[in-house]
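**Student:** 3D model of this:
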Amino acid sequence: MANTSSIFEHLGARVHQLPLLWLAAPLTGLMVQPIIGYLSDHTWGLLGRRRPYFLVGAILGSVALILMPNAPSLWVAVGLLWILDTSANISMTPFRSFVGDLLPEEQRTLGFTLQGLFHGLAGVIASALPWVLHHIFGVVESQENYHAIPLAIKLSFYIGSLIFIGAVIWTVVTTPEPIPANLPSLQQSQKIHTGSPGMITEIWQALQDMPTMMRQLAWVQFCSWFGMFCLFLYFPPAIARNIFGATSEGTLLYSAGIEWAGLCIALYNAVCCLFSFVLPKITQRISLKTTHTLCLASGAVGLCSLLLIHNRYVLLLPMVGIGIAWASMLSLPYAMLINTLPPEKSGLYMGIFNFFIVLPEIVASLGLGWLMVHVFAGNRLAAVVLGGVFMLLAALLTQRIQTHLETKSRDHSRKTLDRLIRLH
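**Tutor:** Residues are numbered from 1 along each chain as shown. Coordinates of the predicted model:
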């Protein structure tokens, strides 16, 4: 994902077109995620409940990763991004429920945090690969090939494809799912629900019946992920142009800037990994809600400070704040949410919850191109800083959330008061 916008620019995309070129993928995710979540709730087969979806998504995604850097035209690359994003949705939507299925309530925060840890570790490897291949393993392009997609980026995609399919196969083979106690009814439900028109009705009903905390978290997710999508869309080309001074894609400066942006992304993912070790201990001291607020605020400061930086090495400092926010975004919202969901519908609700990751991507895709032309005058860095403003808003909105423990405490207090009134 870190190299997608630069691939689009290599294939002729203009700056105002980049957000729209990302649009097909989130639109598909908006439909795919609740359906996959629903189906995984009603599935049981040879590979279990969630694992078939991990495997199918990984196979499709690995093929797309191999083809993406070899796309002959811009629209082929856009189609492959659509397949890649859809495949990731098929794999990741049941993964969140998988953690909830396997862990008791008191271990779920740690479970989601460890998932965030490995997500961050993967980000470090993926983002740094082009730089490592170029500077350590000597993978270079001849001067006449600088208008083509660099070989180091192509090799990174191939390595990513192997890791994706290999890691998922490892999970499918080595992590058994416990047989549900209600297996006969689940199998009957599978026959009734899978592919039936009732699926649409149940998804719609679940949308109407969303738990209160899920509605509150939705706004937090929307604003924080909008901030990250501004980063995803424009950070690499912004570094190449605003920090390195590149004026076009076919230059050594542009390639050097994209590689340095990859190192920055690798750094914030490394911070995400390290911070994930201490995140559970912090939540035990100051609560999930307060921790998430502080983490998002640190990410907002990191993104907004980019406007003041003109040195490539100073650029590494804001990555610390962004990495802290990223660690929290990958784990704490799910830890807050999972305990409020009915276990038999956790996959469906996790799919619906992912709406609020996909919707900001759609808004960014539709709106940032217009802003880039009419407000930011092509300044890619301004769009990244806008992401910081939205992340700060997400931090403020987090304080409105009534967490699972607060809701239980409030309900307990209400019951105690009712009991006292009856006794009186």
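
**Student:** packing partners of whichever strand or helix holds L253?
**Tutor:** Under the criterion of DSSP states H and E, L253 resides in helix 252-286. Identification of packing neighbours for helix 252-286 by 3 or more C-beta pairs under 8 Å, 6 or more residues apart in numbering; DSSP states H and E yields helix 108-135, helix 212-238, helix 288-304, helix 318-329, helix 332-338. In short, each C-beta sits where N, CA and C put it, glycine included.

**Student:** hmm, 10 Å instead?
**Tutor:** The contact analysis (3 or more C-beta pairs under 10 Å, 6 or more residues apart in numbering; DSSP states H and E) places helix 252-286 against helix 4-10, helix 108-135, helix 151-174, helix 212-238, helix 288-304, helix 318-329, helix 332-338.

**Student:** show me what contacts the nearest residue to E259 once chain neighbours are set aside?
**Tutor:** Ranked by C-beta to C-beta, 6 or more residues apart in numbering and with sequence neighbours excluded, the top spatial neighbour of E259 is W131, at 4.5 Å. By C-beta atoms under 10 Å, 6 or more residues apart in numbering, the residues touching W131 are A152, S156, A256, I258, E259, W260, A261, G262, L263, A266.

**Student:** closest to A377 out of those residues?
**Tutor:** A261 (21.0 Å; C-beta to C-beta).

**Student:** these two touch, right, the closest one and A246?
**Tutor:** No - under the criterion of C-beta atoms under 10 Å, A261 makes no contact with A246, lying 11.3 Å away.

**Student:** neighbour count winner among those two?
**Tutor:** Using other C-beta atoms under 10 Å, the more surrounded residue of A261 and A246 is A261, with 27 against 20.

**Student:** residues in contact with that one?
**Tutor:** Contacts of A261 (C-beta under 10 Å, 6+ apart): 2-3, 5-6, 127, 130-131, 235-240, 243-244, 312, 315.

**Student:** one step back: mutual contacts of A261 and A246, please.
**Tutor:** P237, I239, A240.

**Student:** what's around the second one, how many residues?
**Tutor:** If I follow you right, that is I239. 28.

**Student:** could you find the closest non-adjacent residue to it?
**Tutor:** Using C-beta to C-beta, 6+ apart, the closest residue to I239 is A261 (4.0 Å).

**Student:** go on, the last one?
**Tutor:** The shortest distance from A240 to any residue that is not its chain neighbour, by C-beta to C-beta, 6+ apart, is 2.8 Å, and that residue is G257.

**Student:** test my guess that the one you found contacts P236.
**Tutor:** Yes - with contact defined as C-beta under 10 Å, G257 reaches P236; the gap is 7.4 Å.

**Student:** what is in contact with the two at once?
**Tutor:** Both G257 and P236 are in contact with S6, where contact means C-beta under 10 Å, 6+ apart.

**Student:** who has more neighbours out of the two?
**Tutor:** Counted by other C-beta under 10 Å, G257 and P236 do not tie: P236 has more neighbours, with 27 against 24.

**Student:** buried ones in stretch 56-71?
**Tutor:** In terms of neighbour count (16 or more other C-beta atoms under 10 Å), stretch 56-71 has its buried residues at 56-65, 67-69, 71.

**Student:** what does stretch 243-250 give?
**Tutor:** Those would be I243, F244, A246, E249, for stretch 243-250 by 16+ other C-beta under 10 Å.

**Student:** quick check: L307 is in a strand.
**Tutor:** No - the assignment for L307, made by DSSP: H, G, I helix; E, B strand; the rest coil, is helix rather than a strand.

**Student:** how near is the nearest residue to it once chain neighbours are set aside to F226?
**Tutor:** Nearest residue to L307 in three dimensions, chain neighbours excluded: V385, at 4.9 Å (C-beta to C-beta, 6+ apart). From V385 across to F226, the span is 13 Å (C-beta to C-beta, to the nearest Å).

**Student:** in terms of neighbours, single out the busier of the two.
**Tutor:** F226 (25 against 21).

**Student:** spatially nearest residue to the more buried one (excluding sequence neighbours)?
**Tutor:** P360 (3.7 Å).

**Student:** relative to R285, how far out is L114?
**Tutor:** Using C-beta to C-beta, L114 is found at 19 Å from R285.

**Student:** kindly report the same for S5.
**Tutor:** According to C-beta to C-beta, S5 stands 39 Å off from R285.
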